[in-house]
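Novice: quick one, what's the 3D model for this:
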Amino acid sequence: MARLPLSARRGRRNATFLNLTNSIMLVYYYVWFMFALDYKRKYWQIERIIKIRDLRGENLYRLIGESDAMCISQLRMDRTTFHILCEMVRDVSCL
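Specialist: The predicted model follows:
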């Protein structure tokens, strides 16, 4: 059986090396892409939590900041009583 010339064998090695290199680079970029997506997902979650916290603050201000009538109609207590309740919860249960 005839063997391939030495130059043909080198070409096949180079092709194998290039395929291996391309595969490694593809895996590298895939892992990098996954890390980027995970970072972006965490960033969106943090952004969503901040937005929800702001909305809660606005809603609470609307309930107790505008007038006693609004506070009594929504919370069934006036603003002074609500602040006392908040202080008690903060002191007793460390919230």
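Novice: looking at the longest helix belonging to the chain now, give me its mean pLDDT.
Specialist: Longest helix in the chain, counting residues (DSSP state H): helix 6-64. Average pLDDT, helix 6-64: 86.
Novice: next structured bit after that helix?
Specialist: helix 68-75 (DSSP states H and E).
Novice: can I get the CA coordinates of that next one in CSV?
Specialist: In CSV, the C-alpha atoms belonging to helix 68-75 read as follows (Å, rounded to 0.1, in the frame of the first residue of the first chain):
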residue,chain,number,x,y,z
ASP,A,68,-55.4,61.9,56.6
ALA,A,69,-58.6,61.1,54.7
MET,A,70,-56.7,59.1,52.1
CYS,A,71,-54.8,57.3,54.8
ILE,A,72,-57.9,56.5,56.8
SER,A,73,-59.8,55.3,53.8
GLN,A,74,-57.0,52.9,52.7
LEU,A,75,-55.3,51.9,55.9
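Novice: returning to what we had before: what packs against the longest helix of the chain?
Specialist: helix 68-75, helix 79-93 (3 or more Cβ pairs under 8 Å, 6 or more residues apart in numbering; DSSP states H and E). Placement of C-beta: from N, CA and C, glycine included.
Novice: let's see 7 Å
Specialist: Counting contacts by 3 or more Cβ pairs under 7 Å, 6 or more residues apart in numbering; DSSP states H and E, helix 6-64 packs against helix 68-75.
Novice: before we move on, the earlier item: just want the angle from the longest helix of the chain to helix 68-75.
Specialist: Here helix 6-64 runs at an angle of 120 degrees relative to helix 68-75 (axes from the mean of the first three to the mean of the last three Cα atoms, to 10 degrees).
Novice: now do the contacts for the residue most central in space within the chain.
Specialist: In the chain, the C-alpha nearest the mean C-alpha coordinate belongs to residue 42, at 1.6 Å (Cα atoms, centre = their mean). Neighbour list for residue 42: empty [criterion: Cβ atoms under 7 Å, 6 or more residues apart in numbering].
Novice: good, wrapping up.
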